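>>> Next comes the sequence, and after it the predicted model I'd like to discuss.
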Amino acid sequence: MSTVVLLGVTGLGLGALYFLMASGLSLTYGLLRVLNFAHGVFLTAGAYTAWLIVSRVGGNGPARFAAALLGALVVGAAIAAAVEVALIRPLYRRHIEQVLATVGVALALGALAQGIFGADPRPFPVPPWMQGVTPVLGAAVPNSRLVTIAAGAAVLGALGAFLRWTRWGLIVRAGVENREMVQALGIDVQRAFTLVFALGGVAAALGGVLSDGYFGTVDPARGTAMLIYAFVVVVIGGLGSIAGSAIAAVLVGLIQQFANYYGSVWWSFPSSGDLAVVLLLVAVLLVRPRGLAGGA
Amino acid sequence: MTPLLEVHDLHVVLAGSHILRGVDVAVPEGGVTALLGRNGAGKTTTLRAILGLVPRAGRVRLAGRDVSRTSTHALVQQGIGYVPEGRDVFAGLTVAENLRLAERTADPRYDQVYEIFPELRARAAQRAGTLSGGQQQMVAIARALLNPNRILLVDEPTKGLAPRVVARVIEILAAVSREVTVLLVEQNLAAAKGLARHAIVLDQGTTVYAGGFAEFVGARERVHRHLGVALAPAGP
(Lines give C-alpha, C1' and ligand atoms only; values in the text may rest on other atoms or scores of the structure.)
Protein backbone atom coordinates (compact mmCIF):
# COMPACT_ATOMS: atom_id res chain seq x y z
CA MET A 1 0.00 0.00 0.00
CA SER A 2 2.76 2.44 0.96
CA THR A 3 4.49 1.75 -2.37
CA VAL A 4 1.33 2.62 -4.28
CA VAL A 5 0.90 5.81 -2.25
CA LEU A 6 4.51 6.80 -2.79
CA LEU A 7 4.31 6.08 -6.51
CA GLY A 8 1.03 7.99 -6.70
CA VAL A 9 2.39 11.07 -4.94
CA THR A 10 5.64 10.97 -6.93
CA GLY A 11 3.62 10.63 -10.16
CA LEU A 12 1.45 13.55 -9.16
CA GLY A 13 4.58 15.60 -8.41
CA LEU A 14 6.00 14.76 -11.82
CA GLY A 15 2.62 15.59 -13.35
CA ALA A 16 2.71 18.96 -11.59
CA LEU A 17 6.12 19.69 -13.16
CA TYR A 18 4.80 18.70 -16.58
CA PHE A 19 1.76 20.90 -16.05
CA LEU A 20 3.92 23.91 -15.15
CA MET A 21 5.65 23.50 -18.50
CA ALA A 22 2.58 22.51 -20.50
CA SER A 23 0.28 25.31 -19.29
CA GLY A 24 2.44 28.00 -20.90
CA LEU A 25 2.95 25.96 -24.06
CA SER A 26 -0.75 25.35 -24.39
CA LEU A 27 -1.73 28.99 -23.89
CA THR A 28 0.97 30.12 -26.30
CA TYR A 29 -0.24 27.75 -28.97
CA GLY A 30 -3.90 28.52 -28.33
CA LEU A 31 -3.45 32.26 -28.68
CA LEU A 32 -0.55 32.68 -31.11
CA ARG A 33 -0.56 29.30 -32.89
CA VAL A 34 3.15 29.10 -32.06
CA LEU A 35 4.79 25.81 -31.11
CA ASN A 36 7.47 27.24 -28.88
CA PHE A 37 10.45 24.91 -28.82
CA ALA A 38 12.33 27.46 -26.70
CA HIS A 39 9.94 26.89 -23.79
CA GLY A 40 12.39 24.50 -22.12
CA VAL A 41 14.88 27.37 -21.94
CA PHE A 42 12.55 29.19 -19.53
CA LEU A 43 12.67 26.17 -17.18
CA THR A 44 16.46 25.99 -17.46
CA ALA A 45 16.77 29.73 -16.84
CA GLY A 46 14.61 29.47 -13.72
CA ALA A 47 16.50 26.43 -12.46
CA TYR A 48 19.94 28.02 -12.84
CA THR A 49 18.85 31.42 -11.53
CA ALA A 50 17.60 29.73 -8.36
CA TRP A 51 20.80 27.70 -8.10
CA LEU A 52 22.96 30.81 -8.53
CA ILE A 53 21.04 32.67 -5.84
CA VAL A 54 21.06 29.87 -3.26
CA SER A 55 24.76 29.29 -3.96
CA ARG A 56 25.60 32.90 -3.19
CA VAL A 57 23.18 33.88 -0.45
CA GLY A 58 24.04 32.85 3.09
CA GLY A 59 21.83 30.89 5.48
CA ASN A 60 19.57 27.99 4.69
CA GLY A 61 16.14 29.25 5.69
CA PRO A 62 12.97 29.86 3.75
CA ALA A 63 14.06 33.44 2.93
CA ARG A 64 16.94 32.19 0.80
CA PHE A 65 14.66 29.84 -1.11
CA ALA A 66 12.04 32.57 -1.46
CA ALA A 67 14.68 34.93 -2.91
CA ALA A 68 15.79 32.21 -5.33
CA LEU A 69 12.20 31.57 -6.35
CA LEU A 70 11.45 35.24 -6.88
CA GLY A 71 14.62 35.77 -8.90
CA ALA A 72 13.85 32.73 -11.05
CA LEU A 73 10.31 33.89 -11.78
CA VAL A 74 11.49 37.37 -12.79
CA VAL A 75 14.19 35.93 -15.07
CA GLY A 76 11.74 33.41 -16.58
CA ALA A 77 9.20 36.14 -17.32
CA ALA A 78 11.84 38.49 -18.76
CA ILE A 79 13.38 35.89 -21.08
CA ALA A 80 9.98 34.69 -22.26
CA ALA A 81 8.78 38.24 -22.98
CA ALA A 82 12.06 38.99 -24.78
CA VAL A 83 11.66 35.88 -26.96
CA GLU A 84 8.15 36.97 -27.91
CA VAL A 85 9.09 40.56 -28.70
CA ALA A 86 12.40 39.90 -30.45
CA LEU A 87 11.68 36.63 -32.24
CA ILE A 88 8.02 35.74 -32.48
CA ARG A 89 6.58 39.18 -33.25
CA PRO A 90 8.74 39.91 -36.32
CA LEU A 91 7.76 36.48 -37.67
CA TYR A 92 4.04 36.92 -37.04
CA ARG A 93 1.97 34.62 -39.31
CA ARG A 94 5.16 32.87 -40.51
CA HIS A 95 4.77 29.69 -38.51
CA ILE A 96 7.57 27.63 -40.04
CA GLU A 97 10.06 30.42 -39.44
CA GLN A 98 8.78 30.82 -35.88
CA VAL A 99 9.36 27.14 -35.18
CA LEU A 100 12.85 27.31 -36.67
CA ALA A 101 13.64 30.44 -34.63
CA THR A 102 12.48 28.87 -31.36
CA VAL A 103 14.42 25.67 -32.10
CA GLY A 104 17.47 27.86 -32.73
CA VAL A 105 17.02 29.70 -29.43
CA ALA A 106 16.59 26.41 -27.59
CA LEU A 107 19.79 25.01 -29.08
CA ALA A 108 21.80 28.21 -28.63
CA LEU A 109 20.76 28.93 -25.04
CA GLY A 110 21.04 25.24 -24.11
CA ALA A 111 24.62 25.26 -25.41
CA LEU A 112 25.27 28.54 -23.59
CA ALA A 113 24.07 27.03 -20.29
CA GLN A 114 26.33 24.01 -20.84
CA GLY A 115 29.23 26.29 -21.72
CA ILE A 116 28.83 28.35 -18.56
CA PHE A 117 27.77 25.73 -16.01
CA GLY A 118 29.09 22.51 -17.54
CA ALA A 119 27.26 19.59 -19.11
CA ASP A 120 26.89 17.57 -15.90
CA PRO A 121 24.16 18.02 -13.32
CA ARG A 122 25.22 19.85 -10.18
CA PRO A 123 23.85 19.30 -6.69
CA PHE A 124 21.20 21.81 -5.65
CA PRO A 125 21.22 22.78 -1.97
CA VAL A 126 17.64 21.76 -1.21
CA PRO A 127 16.31 23.49 1.94
CA PRO A 128 16.06 21.12 4.95
CA TRP A 129 12.28 21.56 5.21
CA MET A 130 11.98 20.33 1.64
CA GLN A 131 14.28 17.37 2.23
CA GLY A 132 12.14 15.99 5.04
CA VAL A 133 9.34 13.47 4.68
CA THR A 134 5.67 13.52 5.66
CA PRO A 135 3.82 10.29 6.47
CA VAL A 136 0.85 9.81 4.13
CA LEU A 137 -1.22 6.59 4.51
CA GLY A 138 1.80 4.73 5.78
CA ALA A 139 4.20 6.03 3.16
CA ALA A 140 7.06 8.43 3.89
CA VAL A 141 6.45 11.02 1.18
CA PRO A 142 9.27 13.49 0.45
CA ASN A 143 8.15 17.05 1.13
CA SER A 144 9.57 18.15 -2.23
CA ARG A 145 6.82 16.10 -3.94
CA LEU A 146 4.12 17.65 -1.81
CA VAL A 147 5.46 21.16 -2.41
CA THR A 148 5.55 20.52 -6.16
CA ILE A 149 1.99 19.19 -6.18
CA ALA A 150 0.80 22.17 -4.12
CA ALA A 151 2.58 24.58 -6.48
CA GLY A 152 1.06 22.90 -9.54
CA ALA A 153 -2.42 23.08 -8.01
CA ALA A 154 -1.87 26.73 -7.03
CA VAL A 155 -0.77 27.63 -10.58
CA LEU A 156 -3.78 25.79 -12.01
CA GLY A 157 -6.08 27.75 -9.67
CA ALA A 158 -4.33 31.05 -10.37
CA LEU A 159 -4.43 30.56 -14.13
CA GLY A 160 -8.08 29.56 -13.93
CA ALA A 161 -8.89 32.68 -11.89
CA PHE A 162 -6.86 34.86 -14.28
CA LEU A 163 -8.67 33.47 -17.33
CA ARG A 164 -12.10 33.53 -15.70
CA TRP A 165 -12.13 36.79 -13.77
CA THR A 166 -9.74 39.31 -15.34
CA ARG A 167 -10.09 41.39 -18.49
CA TRP A 168 -6.76 40.10 -19.80
CA GLY A 169 -7.97 36.58 -19.15
CA LEU A 170 -11.11 37.36 -21.13
CA ILE A 171 -8.95 38.68 -23.96
CA VAL A 172 -6.84 35.52 -23.93
CA ARG A 173 -9.92 33.26 -23.98
CA ALA A 174 -11.42 35.25 -26.84
CA GLY A 175 -8.08 35.34 -28.65
CA VAL A 176 -7.80 31.55 -28.50
CA GLU A 177 -11.13 31.44 -30.41
CA ASN A 178 -10.58 34.28 -32.88
CA ARG A 179 -7.70 36.66 -32.32
CA GLU A 180 -8.50 38.65 -35.46
CA MET A 181 -11.89 39.59 -34.06
CA VAL A 182 -10.25 40.59 -30.78
CA GLN A 183 -8.18 43.12 -32.71
CA ALA A 184 -11.28 44.25 -34.57
CA LEU A 185 -12.81 45.15 -31.21
CA GLY A 186 -10.00 47.63 -30.63
CA ILE A 187 -7.79 45.47 -28.41
CA ASP A 188 -4.03 45.39 -28.81
CA VAL A 189 -3.72 41.65 -29.06
CA GLN A 190 0.08 41.79 -29.24
CA ARG A 191 0.20 42.91 -25.62
CA ALA A 192 -1.81 39.80 -24.79
CA PHE A 193 0.76 37.74 -26.74
CA THR A 194 3.61 39.16 -24.64
CA LEU A 195 1.65 38.68 -21.43
CA VAL A 196 0.90 35.06 -22.26
CA PHE A 197 4.54 34.39 -23.08
CA ALA A 198 5.62 36.03 -19.80
CA LEU A 199 3.07 33.98 -17.82
CA GLY A 200 4.29 30.83 -19.54
CA GLY A 201 7.85 31.85 -18.66
CA VAL A 202 6.89 32.33 -15.01
CA ALA A 203 5.20 28.91 -14.81
CA ALA A 204 8.14 27.18 -16.53
CA ALA A 205 10.68 28.96 -14.31
CA LEU A 206 8.69 27.88 -11.26
CA GLY A 207 8.86 24.37 -12.67
CA GLY A 208 12.62 24.81 -12.98
CA VAL A 209 13.03 25.80 -9.32
CA LEU A 210 10.76 23.00 -8.11
CA SER A 211 12.56 20.47 -10.33
CA ASP A 212 15.80 21.49 -8.58
CA GLY A 213 14.19 20.50 -5.30
CA TYR A 214 12.45 17.45 -6.78
CA PHE A 215 15.58 15.91 -8.32
CA GLY A 216 18.13 17.51 -5.95
CA THR A 217 20.22 18.67 -8.90
CA VAL A 218 20.31 21.41 -11.50
CA ASP A 219 20.78 20.03 -15.01
CA PRO A 220 21.26 21.87 -18.33
CA ALA A 221 19.48 19.07 -20.22
CA ARG A 222 16.37 19.06 -18.05
CA GLY A 223 14.56 21.81 -19.95
CA THR A 224 14.74 19.87 -23.20
CA ALA A 225 13.81 16.57 -21.53
CA MET A 226 10.80 18.11 -19.79
CA LEU A 227 9.76 19.93 -22.96
CA ILE A 228 9.20 16.64 -24.77
CA TYR A 229 6.82 15.44 -22.06
CA ALA A 230 5.17 18.85 -21.92
CA PHE A 231 4.42 18.64 -25.65
CA VAL A 232 2.97 15.16 -25.12
CA VAL A 233 0.81 16.56 -22.30
CA VAL A 234 -0.39 19.47 -24.44
CA VAL A 235 -1.31 17.19 -27.33
CA ILE A 236 -3.11 14.70 -25.04
CA GLY A 237 -4.89 17.50 -23.18
CA GLY A 238 -5.92 19.43 -26.28
CA LEU A 239 -4.02 22.40 -27.67
CA GLY A 240 -5.10 25.62 -25.97
CA SER A 241 -6.86 24.03 -22.98
CA ILE A 242 -5.43 24.61 -19.50
CA ALA A 243 -7.85 22.16 -17.87
CA GLY A 244 -7.01 19.57 -20.53
CA SER A 245 -3.29 20.09 -19.86
CA ALA A 246 -3.83 19.62 -16.12
CA ILE A 247 -5.69 16.34 -16.58
CA ALA A 248 -3.19 15.09 -19.16
CA ALA A 249 -0.22 16.06 -16.96
CA VAL A 250 -1.60 14.06 -14.03
CA LEU A 251 -2.30 11.08 -16.30
CA VAL A 252 1.16 11.16 -17.87
CA GLY A 253 2.93 11.60 -14.51
CA LEU A 254 1.05 8.75 -12.84
CA ILE A 255 1.27 6.33 -15.76
CA GLN A 256 4.96 7.04 -16.18
CA GLN A 257 5.74 6.43 -12.50
CA PHE A 258 3.69 3.28 -12.14
CA ALA A 259 4.90 1.83 -15.46
CA ASN A 260 8.53 2.60 -14.60
CA TYR A 261 8.24 0.90 -11.22
CA TYR A 262 6.26 -2.17 -12.17
CA GLY A 263 8.09 -2.52 -15.50
CA SER A 264 11.35 -2.71 -13.53
CA VAL A 265 10.00 -5.07 -10.88
CA TRP A 266 8.13 -7.46 -13.15
CA TRP A 267 10.04 -7.36 -16.45
CA SER A 268 13.34 -5.64 -15.63
CA PHE A 269 12.29 -2.95 -18.12
CA PRO A 270 12.98 0.38 -16.40
CA SER A 271 12.03 2.56 -19.40
CA SER A 272 8.53 1.14 -19.58
CA GLY A 273 7.22 4.52 -18.32
CA ASP A 274 8.27 6.25 -21.53
CA LEU A 275 6.72 3.47 -23.60
CA ALA A 276 3.48 3.70 -21.63
CA VAL A 277 3.32 7.48 -22.20
CA VAL A 278 3.82 7.05 -25.94
CA LEU A 279 1.10 4.37 -26.02
CA LEU A 280 -1.22 6.72 -24.12
CA LEU A 281 -0.48 9.46 -26.68
CA VAL A 282 -1.24 7.12 -29.58
CA ALA A 283 -4.46 5.89 -27.95
CA VAL A 284 -5.72 9.43 -27.29
CA LEU A 285 -4.84 10.59 -30.80
CA LEU A 286 -6.70 7.63 -32.31
CA VAL A 287 -9.82 8.12 -30.19
CA ARG A 288 -9.81 11.90 -29.76
CA PRO A 289 -7.47 13.45 -32.36
CA ARG A 290 -7.94 16.94 -30.89
CA GLY A 291 -7.04 15.81 -27.38
CA LEU A 292 -9.08 15.20 -24.25
CA ALA A 293 -10.49 18.74 -24.12
CA GLY A 294 -10.69 19.21 -27.86
CA GLY A 295 -13.60 16.89 -28.66
CA ALA A 296 -13.60 13.80 -30.84
CA MET B 1 -16.72 68.24 -48.58
CA THR B 2 -14.07 65.77 -47.36
CA PRO B 3 -15.44 62.22 -47.19
CA LEU B 4 -15.45 60.70 -43.72
CA LEU B 5 -13.70 57.59 -45.01
CA GLU B 6 -11.62 57.67 -48.14
CA VAL B 7 -9.83 54.74 -49.70
CA HIS B 8 -7.64 55.22 -52.73
CA ASP B 9 -6.04 52.64 -55.02
CA LEU B 10 -6.49 49.75 -52.60
CA HIS B 11 -4.75 46.53 -53.57
CA VAL B 12 -4.89 43.18 -51.81
CA VAL B 13 -3.10 40.02 -52.87
CA LEU B 14 -4.04 36.86 -50.98
CA ALA B 15 -2.40 33.49 -51.62
CA GLY B 16 -1.18 34.72 -55.00
CA SER B 17 -4.59 36.05 -56.11
CA HIS B 18 -4.90 39.74 -56.81
CA ILE B 19 -8.26 40.24 -55.07
CA LEU B 20 -8.48 44.04 -54.99
CA ARG B 21 -7.04 45.85 -58.01
CA GLY B 22 -7.18 49.51 -57.14
CA VAL B 23 -10.44 49.99 -55.24
CA ASP B 24 -11.53 53.57 -54.56
CA VAL B 25 -14.10 54.25 -51.85
CA ALA B 26 -15.38 57.61 -50.59
CA VAL B 27 -17.96 57.45 -47.81
CA PRO B 28 -19.66 60.77 -47.07
CA GLU B 29 -20.52 61.63 -43.49
CA GLY B 30 -23.99 60.53 -42.38
CA GLY B 31 -26.44 57.88 -43.51
CA VAL B 32 -25.76 54.58 -45.16
CA THR B 33 -23.43 53.99 -48.09
CA ALA B 34 -23.95 50.58 -49.67
CA LEU B 35 -20.96 48.64 -50.96
CA LEU B 36 -22.38 46.39 -53.64
CA GLY B 37 -21.09 43.77 -56.04
CA ARG B 38 -21.43 40.17 -57.08
CA ASN B 39 -20.09 37.33 -54.95
CA GLY B 40 -16.32 37.51 -55.05
CA ALA B 41 -16.21 41.12 -56.24
CA GLY B 42 -14.09 42.06 -53.22
CA LYS B 43 -16.61 43.69 -50.85
CA THR B 44 -15.67 41.81 -47.69
CA THR B 45 -11.98 42.03 -48.54
CA THR B 46 -12.37 45.80 -48.93
CA LEU B 47 -13.79 46.12 -45.41
CA ARG B 48 -11.11 43.84 -44.01
CA ALA B 49 -8.41 45.75 -45.86
CA ILE B 50 -9.70 49.09 -44.54
CA LEU B 51 -9.31 47.69 -41.02
CA GLY B 52 -5.88 46.25 -41.80
CA LEU B 53 -7.04 42.68 -41.20
CA VAL B 54 -5.39 41.63 -44.47
CA PRO B 55 -2.10 42.92 -45.89
CA ARG B 56 -2.88 45.79 -48.25
CA ALA B 57 -1.37 48.54 -50.38
CA GLY B 58 -3.08 51.86 -50.98
CA ARG B 59 -4.19 54.87 -48.97
CA VAL B 60 -6.85 54.98 -46.27
CA ARG B 61 -7.95 58.30 -44.78
CA LEU B 62 -10.33 58.79 -41.87
CA ALA B 63 -11.78 62.30 -41.58
CA GLY B 64 -8.93 63.59 -43.76
CA ARG B 65 -6.20 61.94 -41.70
CA ASP B 66 -3.98 59.31 -43.27
CA VAL B 67 -4.44 56.06 -41.32
CA SER B 68 -2.85 53.74 -43.89
CA ARG B 69 -0.19 52.61 -41.44
CA THR B 70 -2.38 52.54 -38.35
CA SER B 71 -2.84 49.13 -36.73
CA THR B 72 -6.25 47.47 -36.61
CA HIS B 73 -6.87 48.00 -32.90
CA ALA B 74 -5.82 51.65 -33.14
CA LEU B 75 -8.16 52.20 -36.12
CA VAL B 76 -11.05 50.78 -34.12
CA GLN B 77 -10.12 52.97 -31.17
CA GLN B 78 -10.27 55.95 -33.51
CA GLY B 79 -13.91 55.17 -34.16
CA ILE B 80 -14.24 52.53 -36.86
CA GLY B 81 -16.73 49.94 -35.61
CA TYR B 82 -16.91 46.57 -37.33
CA VAL B 83 -19.73 44.06 -37.66
CA PRO B 84 -18.18 41.16 -39.58
CA GLU B 85 -19.76 38.78 -42.04
CA GLY B 86 -20.75 35.60 -40.23
CA ARG B 87 -21.08 37.52 -36.95
CA ASP B 88 -17.81 36.15 -35.45
CA VAL B 89 -19.17 36.11 -31.92
CA PHE B 90 -16.94 34.33 -29.43
CA ALA B 91 -18.89 31.10 -29.15
CA GLY B 92 -17.27 29.94 -25.91
CA LEU B 93 -17.91 33.22 -24.11
CA THR B 94 -21.22 34.33 -22.68
CA VAL B 95 -23.22 37.18 -24.21
CA ALA B 96 -22.15 39.42 -21.32
CA GLU B 97 -18.49 38.51 -21.88
CA ASN B 98 -18.78 39.20 -25.61
CA LEU B 99 -20.09 42.66 -24.78
CA ARG B 100 -17.57 43.26 -21.97
CA LEU B 101 -14.75 42.47 -24.38
CA ALA B 102 -16.00 45.17 -26.74
CA GLU B 103 -15.96 47.94 -24.09
CA ARG B 104 -13.59 50.70 -25.20
CA THR B 105 -14.60 53.51 -22.89
CA ALA B 106 -15.13 53.90 -19.18
CA ASP B 107 -18.82 54.42 -19.83
CA PRO B 108 -20.03 51.83 -22.35
CA ARG B 109 -23.53 52.45 -23.66
CA TYR B 110 -25.30 49.44 -22.18
CA ASP B 111 -28.57 51.35 -21.68
CA GLN B 112 -28.82 52.09 -25.39
CA VAL B 113 -27.77 48.56 -26.38
CA TYR B 114 -30.29 46.89 -24.07
CA GLU B 115 -33.00 49.26 -25.22
CA ILE B 116 -32.43 48.10 -28.81
CA PHE B 117 -31.79 44.46 -27.91
CA PRO B 118 -33.67 43.69 -24.68
CA GLU B 119 -33.25 39.94 -25.21
CA LEU B 120 -29.48 40.28 -24.82
CA ARG B 121 -29.96 41.35 -21.21
CA ALA B 122 -32.08 38.26 -20.57
CA ARG B 123 -29.50 36.04 -22.26
CA ALA B 124 -26.44 37.66 -20.67
CA ALA B 125 -25.25 34.43 -19.05
CA GLN B 126 -25.88 32.26 -22.14
CA ARG B 127 -22.93 31.11 -24.25
CA ALA B 128 -22.97 33.03 -27.53
CA GLY B 129 -22.36 29.83 -29.48
CA THR B 130 -25.77 28.52 -28.41
CA LEU B 131 -27.67 31.56 -29.74
CA SER B 132 -29.64 31.53 -32.99
CA GLY B 133 -28.17 33.25 -36.05
CA GLY B 134 -30.38 36.29 -35.51
CA GLN B 135 -29.40 36.55 -31.86
CA GLN B 136 -25.73 36.24 -32.75
CA GLN B 137 -26.19 39.06 -35.24
CA MET B 138 -27.65 41.16 -32.43
CA VAL B 139 -24.55 40.45 -30.29
CA ALA B 140 -22.31 41.43 -33.22
CA ILE B 141 -24.15 44.72 -33.77
CA ALA B 142 -24.41 45.38 -30.02
CA ARG B 143 -20.63 45.03 -29.64
CA ALA B 144 -20.18 47.84 -32.15
CA LEU B 145 -22.90 50.02 -30.61
CA LEU B 146 -21.42 49.88 -27.09
CA ASN B 147 -18.89 52.51 -28.11
CA PRO B 148 -19.12 55.86 -29.83
CA ASN B 149 -18.06 55.34 -33.45
CA ARG B 150 -17.51 57.68 -36.37
CA ILE B 151 -18.29 54.98 -38.90
CA LEU B 152 -19.58 51.41 -38.79
CA LEU B 153 -18.41 48.84 -41.31
CA VAL B 154 -21.24 46.33 -41.50
CA ASP B 155 -20.73 43.20 -43.57
CA GLU B 156 -23.77 41.24 -44.82
CA PRO B 157 -25.84 41.65 -41.64
CA THR B 158 -28.91 39.92 -43.08
CA LYS B 159 -27.14 36.91 -44.58
CA GLY B 160 -28.71 33.61 -43.56
CA LEU B 161 -31.38 35.20 -41.38
CA ALA B 162 -35.12 34.53 -41.44
CA PRO B 163 -37.19 37.23 -43.24
CA ARG B 164 -38.70 38.45 -39.95
CA VAL B 165 -35.22 38.87 -38.45
CA VAL B 166 -33.97 40.56 -41.63
CA ALA B 167 -36.68 43.20 -41.28
CA ARG B 168 -35.68 43.78 -37.66
CA VAL B 169 -31.97 44.12 -38.54
CA ILE B 170 -32.78 46.63 -41.29
CA GLU B 171 -34.92 48.59 -38.87
CA ILE B 172 -32.07 48.68 -36.36
CA LEU B 173 -29.52 49.73 -38.98
CA ALA B 174 -31.85 52.52 -40.12
CA ALA B 175 -32.05 53.78 -36.54
CA VAL B 176 -28.30 53.44 -36.01
CA SER B 177 -27.53 55.31 -39.23
CA ARG B 178 -29.29 58.38 -37.91
CA GLU B 179 -26.43 58.71 -35.40
CA VAL B 180 -23.43 57.21 -37.11
CA THR B 181 -22.24 56.79 -40.69
CA VAL B 182 -22.58 53.23 -41.99
CA LEU B 183 -20.69 51.52 -44.80
CA LEU B 184 -22.87 48.52 -45.53
CA VAL B 185 -21.97 45.45 -47.56
CA GLU B 186 -25.27 43.89 -48.53
CA GLN B 187 -26.01 41.20 -51.06
CA ASN B 188 -29.72 41.64 -50.54
CA LEU B 189 -30.43 44.63 -52.79
CA ALA B 190 -33.97 44.94 -51.51
CA ALA B 191 -32.63 45.29 -47.97
CA ALA B 192 -30.12 47.94 -49.00
CA LYS B 193 -32.75 49.81 -51.00
CA GLY B 194 -34.61 50.99 -47.94
CA LEU B 195 -31.44 52.15 -46.21
CA ALA B 196 -28.75 53.49 -48.51
CA ARG B 197 -28.38 56.96 -49.95
CA HIS B 198 -25.06 56.30 -51.66
CA ALA B 199 -23.68 53.30 -53.48
CA ILE B 200 -20.24 52.06 -54.36
CA VAL B 201 -20.15 49.11 -56.71
CA LEU B 202 -17.24 46.73 -57.12
CA ASP B 203 -16.68 44.37 -59.99
CA GLN B 204 -13.70 42.02 -60.19
CA GLY B 205 -11.77 43.93 -57.56
CA THR B 206 -12.23 47.43 -58.93
CA THR B 207 -14.69 50.25 -58.34
CA VAL B 208 -17.11 50.54 -61.24
CA TYR B 209 -19.64 52.96 -59.75
CA ALA B 210 -19.71 55.57 -57.00
CA GLY B 211 -22.70 57.85 -56.60
CA GLY B 212 -26.33 57.96 -55.56
CA PHE B 213 -27.99 54.67 -54.67
CA ALA B 214 -31.26 55.57 -56.42
CA GLU B 215 -29.37 56.57 -59.57
CA PHE B 216 -27.57 53.23 -59.60
CA VAL B 217 -30.61 51.04 -59.15
CA GLY B 218 -32.48 53.25 -61.61
CA ALA B 219 -30.27 52.00 -64.45
CA ARG B 220 -31.49 48.41 -64.77
CA GLU B 221 -28.98 47.37 -67.40
CA ARG B 222 -26.12 48.56 -65.16
CA VAL B 223 -27.53 46.71 -62.14
CA HIS B 224 -27.79 43.55 -64.19
CA ARG B 225 -24.26 43.95 -65.58
CA HIS B 226 -22.54 44.57 -62.24
CA LEU B 227 -24.68 42.65 -59.79
CA GLY B 228 -26.09 39.93 -62.01
CA VAL B 229 -29.61 40.51 -60.73
CA ALA B 230 -32.72 41.82 -62.41
CA LEU B 231 -34.70 44.32 -60.40
CA ALA B 232 -38.44 43.92 -60.25
CA PRO B 233 -40.25 46.59 -62.25
CA ALA B 234 -41.16 49.64 -60.22
CA GLY B 235 -44.68 49.55 -58.80
CA PRO B 236 -47.48 51.88 -59.89
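Cool, the structure landed.
>>> Any idea how many residues pack against residue 4?
In the absence of a named chain, this looks at chain A. Residue A:4 sits with 13 neighbouring residues when counted by other CB atoms under 10 Å in any protein chain shown. In short, each C-beta sits where N, CA and C put it, glycine included.
>>> that's the wrong chain, I wanted chain B
Neighbours around residue B:4, by other CB under 10 Å: 21.
>>> Please report the distance of it from chain A.
18 Å (CB to the nearest CB, to the nearest Å).
>>> Not including adjacent chain positions, what is the nearest residue to that residue?
The spatial neighbour of residue B:4 that comes closest, neighbours along the chain excluded (CB to CB, 6 or more residues apart in numbering or on different chains), is residue B:29 at 4.3 Å.
>>> now residue B:79
Going by CB to CB, 6+ apart, residue B:79 has residue B:150 as its nearest residue, at 3.6 Å.
>>> mind checking pLDDT for that neighbour?
Per-residue pLDDT puts residue B:150 at 96.
>>> Who is residue B:59 paired with across the strands?
In this structure, residue B:59 bridges to residue B:8 when assessed by DSSP bridges.
>>> In this structure it contacts residue B:67, no?
No. Counting by CB atoms under 8 Å, residue B:67 is not a contact partner of residue B:59; they are 9.1 Å apart.
>>> more neighbours, the two?
Between residue B:59 and residue B:67, counting by other CB under 10 Å, residue B:67 is the more crowded of the two (18 against 14).
>>> which residue is nearest the middle of chain B?
With distances taken as CA atoms, centre = their mean, residue B:154 lies nearest the centre of chain B, 1.5 Å away.
>>> Nearest spatial neighbour of residue A:204, chain-adjacent residues omitted?
Closest residue in space to residue A:204, ignoring its immediate chain neighbours: residue A:42 at 3.7 Å, by CB to CB, 6+ apart.
>>> Using the three-state scheme, assign the one you found.
helix (DSSP: H, G, I helix; E, B strand; the rest coil).
>>> before we move on, back to that, return the distance of the residue nearest to residue B:79 relative to residue B:196.
18 Å (CB to CB, to the nearest Å).
>>> Confirm that the residue nearest to residue B:4 sits in a helix.
No. Per three-state DSSP, residue B:29 lies outside any helix segment and is coil.
>>> Wait, it touches residue B:179, no?
No. Under the criterion of CB under 8 Å, residue B:29 makes no contact with residue B:179, lying 11.9 Å away.
>>> helix or strand for the residue of chain B found nearest chain A, which one?
Closest to chain A within chain B is residue B:76: 3.5 Å, counting by CB to the nearest CB. Per DSSP states H and E, residue B:76 falls inside helix B:72-77.
>>> Residue B:10 now?
Going by DSSP H and E, residue B:10 is part of strand B:5-14.
>>> In that strand, which residues are buried?
B:5-7, B:10-12 (16 or more other CB atoms under 10 Å in any protein chain shown).
>>> Show the pLDDT at the residue nearest to residue B:20 when sequence neighbours are not counted.
Counting by CB to CB, 6+ apart, the nearest residue to residue B:20 once its immediate chain neighbours are dropped is residue B:12, at 4.1 Å. For residue B:12, the pLDDT comes out at 96.
>>> mind listing the strands for chain B?
Remark: strands assigned in chain B by DSSP state E are B:5-14, B:17-27, B:32-37, B:57-62, B:65-66, B:80-83, B:151-155, B:181-185, B:196-203, B:206-212.
>>> what does chain A give?
Under DSSP E, chain A gives strands at A:122-123, A:133-136, A:139-142, A:217-218.
>>> and stretch B:62-69, anywhere near chain A?
No. Stretch B:62-69 lies apart from chain A when judged by CB under 8 Å from any CB of the partner chain; the minimum separation is 13.7 Å.
>>> likewise stretch B:176-196?
No. Contact of stretch B:176-196 with chain A (CB under 8 Å from any CB) is absent, the minimum separation being 14.4 Å.
>>> Contact residues of chain B facing chain A?
Neighbours of chain A within chain B, by CB under 8 Å from any CB: B:51, B:53, B:71-74, B:76-77, B:82, B:84, B:88, B:90-93, B:97, B:100-102, B:104, B:143, B:147.
>>> which among these end up buried?
Buried among these (16+ other CB under 10 Å): B:51, B:53, B:72-73, B:76-77, B:82, B:84, B:88, B:90, B:93, B:97, B:100-102, B:104, B:143, B:147.
>>> The helix holding residue B:76: how far from the chain's middle?
Chain-centre distance of helix B:72-77: 16 Å, with CA atoms, centre = their mean, to the nearest Å.
>>> what sits against the closest residue to residue A:55 other than its chain neighbours?
Counting by CB to CB, 6+ apart, residue A:55 lies nearest to residue A:125, which is 7.2 Å off, once chain neighbours are set aside. By CB atoms under 8 Å, 6 or more residues apart in numbering or on different chains, the contact set of residue A:125 is A:54-55, A:60.
>>> let's see it at 10 Å
Residue A:125 makes contact with A:51, A:54-55, A:60, A:64-65, A:68, A:131, A:212-213, A:216, A:218, according to CB atoms under 10 Å, 6 or more residues apart in numbering or on different chains.
>>> Get me the contact residues on the stretch 101-250 of chain A for chain B.
By CB under 10 Å from any CB of the partner chain, the residues of the stretch 101-250 of chain A that approach chain B are A:164, A:167, A:170-171, A:173-178, A:180-191.
>>> tell me the contacts of the closest residue in space to residue B:37 that isn't next to it in sequence?
Counting by CB to CB, 6+ apart, residue B:202 is the residue found nearest to residue B:37 once chain neighbours are left out, at 3.8 Å. Residue B:202 makes contact with B:20-21, B:23-25, B:35-38, B:40-43, B:45-46, B:185, B:208-209, B:226, according to CB under 10 Å, 6+ apart.
>>> Pull out the buried members of the residues you listed.
B:20-21, B:23-25, B:35-38, B:41-43, B:45-46, B:185, B:209, B:226.
>>> so what pLDDT did the closest residue in space to residue B:140 that isn't next to it in sequence get?
Leaving out its chain neighbours, the residue that sits closest to residue B:140 by CB to CB, 6+ apart is residue B:87, at 4.4 Å. pLDDT recorded at residue B:87 is 87.
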